[in-house]
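> fold the stuff below for me.
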Amino acid sequence: MKPSYNCYELLGVSPSANNAELKKAFHQLSKRLHPDTTSMPNDEAIKQFQNVCEAYDLLSDPVLRASYDLSIEKDNNLSSQKTEPNLVNIEPIQFSKSIGVRRPFSGGELFSLLLLITSILLSLTLGIFIAFLRGGNLDFTPSWFM
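Predicted coordinates for the structure are as follows:
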């Protein structure tokens with residue numbers, strides 16, 4: 001459902017703002033409105049912070065932003081015209097992130113996966129090497145299996 005507030009006004013940016021301007025405005029507002037850092041009452045701070053986060057999520061996604069801009073244009077056109085009895089009802093646009101859309105791995109996440117895979121392979125190699133040094137049998141049947 002479309003937010004009840006204007007996302008551009010909430011973030012303090014113009015409708016022609018690029019992603020860098022959106023991000024800068026979001027970071028400034030989120031620092032000021034975060035429930036842990038503001039002097040506002042906690043409930044009000046949480047509500048305003050959530051509104052700012054939702055507005056940024058909506059405007060930072062190009063597809064959702066285009067739909068939002070289109071809905072604002074329709075609202076402006078409808079409010080400027082007189083309501084006609086033959087006007088077709090317009091369904092509200094669903095503003096939510098698609099389920100299943102995944103973000104790419106960050107550099108830190110890729111490095112962590114590399115370290116994990118390396119440590120597993122190194123542990124297996126070291127275990128086999130120690131077994132050969134001890135003269136152990138690689139065809140071992142556990143005692144609980146018999």
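> tell me which element Gln48 is part of?
Assigned by DSSP states H and E, Gln48 falls within helix 42-60.
> same for that helix, what does it pack against?
helix 7-11, helix 19-33, helix 62-80 (3 or more CB pairs under 8 Å, 6 or more residues apart in numbering; DSSP states H and E). (C-beta placed from N, C-alpha, C; glycine too.)
> mean pLDDT and distance to Ile128 for those - can I get that in a markdown table?
Below are the helices and strands packed on helix 42-60 laid out as a markdown table (pLDDT from 0 to 100; distance: least, CB to CB, whole Å):
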| stretch | mean pLDDT | distance to Ile128 |
| --- | --- | --- |
| helix 7-11 | 88 | 58 |
| helix 19-33 | 88 | 50 |
| helix 62-80 | 81 | 51 |
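> run the angle between the helix or strand of the chain with the lowest mean pLDDT and helix 19-33 for me.
Within the chain, no helix or strand scores below helix 62-80, which has a mean of 81 by mean pLDDT, DSSP states H and E. Helix 62-80 and helix 19-33 are oriented at 80 degrees to each other (axes from the mean of the first three to the mean of the last three CA atoms, to 10 degrees).
> C-alpha coordinates for helix 62-80, PDB please?
Below are the C-alpha coordinates for helix 62-80, written out as PDB (Å, rounded to 0.1, in the frame of the first residue of the first chain):
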ATOM      1  CA  PRO A  62      14.200   2.100  -9.200                       C
ATOM      2  CA  VAL A  63      11.100   0.000  -9.900                       C
ATOM      3  CA  LEU A  64       9.300   1.000  -6.700                       C
ATOM      4  CA  ARG A  65      10.300   4.600  -7.200                       C
ATOM      5  CA  ALA A  66       8.900   4.700 -10.700                       C
ATOM      6  CA  SER A  67       5.600   3.200  -9.500                       C
ATOM      7  CA  TYR A  68       5.500   5.700  -6.600                       C
ATOM      8  CA  ASP A  69       6.200   8.600  -8.900                       C
ATOM      9  CA  LEU A  70       3.400   7.400 -11.200                       C
ATOM     10  CA  SER A  71       1.000   7.100  -8.300                       C
ATOM     11  CA  ILE A  72       1.900  10.600  -7.100                       C
ATOM     12  CA  GLU A  73       1.200  11.900 -10.700                       C
ATOM     13  CA  LYS A  74      -2.200  10.100 -10.700                       C
ATOM     14  CA  ASP A  75      -3.100  11.500  -7.300                       C
ATOM     15  CA  ASN A  76      -2.200  15.000  -8.500                       C
ATOM     16  CA  ASN A  77      -4.200  14.600 -11.700                       C
ATOM     17  CA  LEU A  78      -7.200  13.200  -9.800                       C
ATOM     18  CA  SER A  79      -7.100  16.000  -7.200                       C
ATOM     19  CA  SER A  80      -6.900  18.700  -9.900                       C
END
